[in-house]
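Engineer: Kindly return the folded structure for what I paste below:
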Amino acid sequence: MFNPVHIDPLRALAEMDAFRRKLAAGMDCLRNQEEPHIGATPTEVVYREDKLKLHHFLGTKAVPGRTPILICYALVNTPWMTDLQPDRSLVARLLEQGEDVYLIEWGYPDLADRWLTLGDYILGYLDRCVDQVRTRHDLQHINLLGICQGGVFALCYAALRQHKLKNLITMVTPVDFHTPDNMLSNWTRDLDVDLLVDTLGNIPGDLMNWCYLTLKPLRLNQQKYVGLVDILDDATEVSNFLRMEKWIFDSPDQAGEAFRQFIHDFYQDNGLIHGKIELDGEKLNLADIQLPVLNIFAEQDHLVPPTASRALAGVLGGKDYTELGFRGGHIGIYVSGRAQREVPPTVHQWLSKRC
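Structural biologist: Numbers count the residues shown, from 1 in each chain. Model prediction:
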């Protein structure tokens with residue numbers, strides 16, 4: 001039976017007028033916005049190589065003698081999600097805990113980087129950054145924190161060069177790439193990556209970003225912009241929104257050969273969990289890792305499902321393994337208020353017991 005919709009004309013007019021006034025105020029707010037700045041904490045660049053920069057964060061509470069942490073981020077997007085703004089910064093909260101933090105900024109590959117391999121990134125760039133930190137602090141071992149694909153790099157590095165590491169932390173890191181709930185993995189399983197790389201060379205960052213956005217097309221391409229209207233007259237909220245948008249769409253291209261290897265060996269062959277990965281002729285096995293490991297995953301992660309990350313527990317060789325499940329998503333684990341309260345203190349306390 002058809003039920004007619006009853007509309008109160010006066011109420012509708014009032015809502016339309018309120019909406020009009022909010023849009024007008026929002027236009028003024030947008031016109032007065034400055035270019036959003038990403039990377040809130042001061043750093044010094046202590047090492048450069050090709051496109052790479054190694055940053056040392058200038059904290060005021062670093063405890064003398066504390067074993068430093070080196071953050072290895074993914075090649076996709078820039079690493080500044082870890083230091084987006086003062087009140088949304090994994091780095092700032094670690095510094096407040098007294099940690100000494102370094103971070104690798106991979107840079108923006110161009111045609112000169114077309115033939116860089118995963119070995120070049122992991123056993124080349126990453127290894128030399130580890131050595132730089134070790135030398136600066138006159139230490140044999142440092143702590144390594146890997147994020148997303150950077151966590152995969154960290155695991156590979158630890159399996160082959162763990163004599164340079166004291167502790168290993170992974171965040172939202174895939175280990176089993178063939179879990180049924182891994183939508184990204186299912187997409188790439190039948191991808192002709194050879195044709196893609198041979199045709200394009202380097203993989204455009206915009207193409208990669210489009211793929212990630214279409215994993216949640218309604219939420220990431222429509223709903224968030226509709227929701228923007230609700231905050232359009234709030235200068236602080238608009239600034240936060242624009243800062244996040246800047247980070248999301250600042251996507252470096254991917255070096256073609258490294259991209260080919262990562263899709264083939266990890267997403268399609270699931271080689272990490274099965275011990276089939278080779279880097280520059282060195283075969284690695286996660287069972288060789290004897291280090292203490294803290295594995296942090298996001299329970300609502302649509303890019304790296306918890307099952308893909310928690311698989312790490314069953315393949316490590318060492319017995320000192322700790323898991324932390326965070327109630328949030330792939331990005332919220334760095335920028336949400338809950339993350340600021342929970343994740344850095346957990347990392348600090350875990351390291352304190354082992355350093």
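
Engineer: which outside residues touch stretch 205-220?
Structural biologist: Applying Cβ atoms under 8 Å, 6 or more residues apart in numbering, the contact partners of stretch 205-220 are 76-77, 183-184, 187, 221, 248-249, 251-254, 302-303. Quick note: C-beta positions are derived from backbone N, CA and C, even for glycine.

Engineer: wait, stretch 128-140
Structural biologist: 46-47, 49, 52, 54, 56, 67-68, 70, 100, 102, 104, 141-142, 144, 157, 161, 163-165.

Engineer: wait, what's in contact with residue 50?
Structural biologist: With contact taken as Cβ under 8 Å, 6+ apart, residue 50 is in contact with 107, 113, 125.

Engineer: Poorly predicted segments of the stretch 101-250 of the chain, please.
Structural biologist: Of all residues in the stretch 101-250 of the chain, none has pLDDT under 70.

Engineer: can you give me the helices in it?
Structural biologist: Remark: helices assigned in the stretch 101-250 of the chain by DSSP state H, counting those that start in this stretch are 118-119, 127-137, 149-161, 183-188, 193-200, 205-213, 217-218, 224-231, 235-249.

Engineer: likewise the stretch 251-355 of the chain?
Structural biologist: With DSSP H, counting those that start in this stretch, the ranges of helices along the stretch 251-355 of the chain come out as 256-262, 306-310, 332-335, 337-352.

Engineer: mean pLDDT lowest for which of those helices?
Structural biologist: Per-stretch mean pLDDT for these is lowest at helix 332-335 (a mean of 89).

Engineer: Specify which member of the contacts of residue 50 is nearest to residue 272.
Structural biologist: Using Cβ to Cβ, residue 125 is the member of the contacts of residue 50 that lies nearest residue 272, at 19.4 Å.

Engineer: can you put the helices of the stretch 251-355 of the chain in a markdown table and add mean neighbour count?
Structural biologist: Formatted as a markdown table, these follow (neighbours: other Cβ atoms under 10 Å):
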| stretch | mean neighbour count |
| --- | --- |
| helix 256-262 | 22 |
| helix 306-310 | 20 |
| helix 332-335 | 22 |
| helix 337-352 | 17 |
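
Engineer: nearest to residue 297, of these?
Structural biologist: helix 306-310 (3.9 Å).

Engineer: what helices or strands is that closest one leaning on?
Structural biologist: strand 293-298 (3 or more Cβ pairs under 8 Å, 6 or more residues apart in numbering; DSSP states H and E).

Engineer: Check which strands are paired with the strand it packs on and give the direction for each one.
Structural biologist: Strand 293-298 pairs in its sheet with strand 165-171 (parallel), strand 321-326 (parallel), by DSSP bridges.

Engineer: would a markdown table of these with mean neighbour count be doable?
Structural biologist: Below are the strands paired with strand 293-298 laid out as a markdown table (neighbours: other Cβ under 10 Å):
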| stretch | mean neighbour count |
| --- | --- |
| strand 165-171 | 24 |
| strand 321-326 | 16 |
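
Engineer: ok, back up a step: highest average neighbour count across the helices of the stretch 101-250 of the chain?
Structural biologist: Comparing those by mean neighbour count (mean count of other Cβ atoms under 10 Å), helix 149-161 ranks first with a mean of 25.

Engineer: Contacts for that helix, please.
Structural biologist: Residues outside helix 149-161 that contact it (Cβ under 8 Å, 6+ apart) are 71-76, 104, 118, 121-123, 126-127, 130, 144-146, 165, 168, 170-175, 262, 266, 272, 277, 279, 282, 284-286, 288-289, 291, 312.

Engineer: What subset of those residues is buried?
Structural biologist: Buried members of these, scored by 16 or more other Cβ atoms under 10 Å, are 71-76, 104, 118, 121-123, 126, 130, 144-146, 165, 168, 170-175, 262, 266, 272, 277, 279, 284, 286, 289, 291, 312.

Engineer: Mind checking which of these are in strands?
Structural biologist: Of the buried ones among the contacts of helix 149-161, the ones assigned to strands by DSSP state E are 71, 72, 104, 144, 145, 146, 165, 168, 170, 171, 279.
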